[in-house]
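Peer 1: Coordinates for the following, if possible.
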Amino acid sequence: MADCDCSCTCSSGPVLVLPCSGGSNVGQITNSAAIELDMQGKARMYCLVGIAAHISGMVDSAKTASGVIALDGCQVACARHVLEHIGIPITQHLIVTDLGIKKNHNFSYTSAEISSVLDSLQTPT
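Peer 2: Coordinates of the predicted model:
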């Protein structure tokens, strides 16, 4: 995993990416896209479940992030709802099915679908 050089002077923490990682192909696309952003050093993948569980250190870290990218697989928008519930501002939100990728439960997806998600985000180069 690459070191994340994704902080800015406006806040103390890095840009975080929080994927829903849901139980479908589109949920797993969010997870793979988040891993790729982390490996590219554009954002640090972070644990949405830890935030949803109100683990104080994780919540505090997310609140001090210089940006938060919420990746949701579908319109249920679990990642967005968790972050809104905890009061963590979202700087970018993407729903994979809005890109024309159909949700299914066979967990199959392509690298082109992951690229579509990455291309749709505004991340530092």
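
Peer 1: A strand includes S66, no?
Peer 2: Yes: under DSSP: H, G, I helix; E, B strand; the rest coil, S66 falls within a strand.

Peer 1: And for it, the neighbour number?
Peer 2: S66 has 17 neighbours, counted by other Cβ atoms under 10 Å. C-beta coordinates here come from the backbone N, C-alpha and C atoms, glycine included.

Peer 1: Which strands and helices lie in contact with the longest helix belonging to the chain?
Peer 2: Secondary structure of the chain per DSSP state H: the longest helix is helix 25-39. Secondary-structure packing of helix 25-39 (3 or more Cβ pairs under 8 Å, 6 or more residues apart in numbering; DSSP states H and E): strand 13-19, strand 44-45, strand 65-72, helix 111-120.

Peer 1: Would you reformat those as JSON lines and include mean pLDDT?
Peer 2: Shown next, in JSON lines, are these (pLDDT from 0 to 100):
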{"stretch": "strand 13-19", "mean pLDDT": "94"}
{"stretch": "strand 44-45", "mean pLDDT": "98"}
{"stretch": "strand 65-72", "mean pLDDT": "97"}
{"stretch": "helix 111-120", "mean pLDDT": "97"}
